[in-house]
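> Okay, sequence plus prediction incoming.
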Amino acid sequence: MGIFPFFKKKEFFSAKEKEQIVEAIRIAEKETSGEIRVYIESKNPLVSPLERSKEIFVQLKMHETAQRNAVLIYIAMEHHELALFADEGVYEKVGKEFWEHAVKEMIQHFKGNRISHGIEQCIKKIGHTLKEKFPYDASTDTNELPDDIVFGD
């Protein structure tokens, strides 16, 4: 006798969309020592999106990158919330305005129901900035964090 779940985990993206998001991460990271992760969950458990992104950032051990140059894209789909959380190495070099602008751009894509496209564009924008601030060095760079999308509850 097997155990059958009563609720099937909701799929927010098609297989092709997931593949495109992961590929955007891989392409971006080929030109930088920085790391990008995407975390998606249905609902944010009663904290601000920025606080939640910070919790997830630590849970995923993103603060352990050698150059402190990881960035998390956090999205709570049903609550319509998002946040970008950058480690101190990135934040110091890029500044607050960059992150505010990137969030506004994602919101515009999301309003047009182009969520996966908005995530891809944000990854490209972050990747370009990481390339500028933390260029790729073939002799020292390793992929410190997985490129897959992390799905919460």
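Cool, the structure landed.
> low pLDDT regions in the protein?
The chain contains residues with pLDDT under 70 at 1-10.
> could you pull out the strands for it?
35-41, 70-76, 81-86, 149-151 (DSSP state E).
> Give me the buried stretch members for the shortest one, please.
Think strand 149-151. Neighbour counts using 16 or more other C-beta atoms under 10 Å place 149, 151 of strand 149-151 among the buried residues. Placement of C-beta: from N, CA and C, glycine included.
> Partner strands of that strand, with direction?
If you go by DSSP bridges, strand 149-151 pairs up with strand 35-41 (parallel).
> Make sure Val71 is actually in contact with Lys133.
No - Val71 is not in contact with Lys133 according to C-beta atoms under 8 Å; the separation is 11.0 Å.
> And the two? Which one has more around it.
Taking neighbours as other C-beta atoms under 10 Å, Val71 and Lys133 compare with Val71 leading, 27 against 17.
> Any idea what that one is bridged to?
Going by DSSP bridges, Val71 is paired in beta bridges with Ile36, Ala86.
> so what's it up against?
34-37, 84-87, 90, 126, 130 (C-beta atoms under 8 Å, 6 or more residues apart in numbering).
> Show me which of the residues you listed is closest to Ile56.
Closest to Ile56 out of the contacts of Val71 is Phe85 (7.8 Å), distances taken as C-beta to C-beta.
> got the contact list for that closest one?
50, 53-54, 56-57, 71-72, 74.
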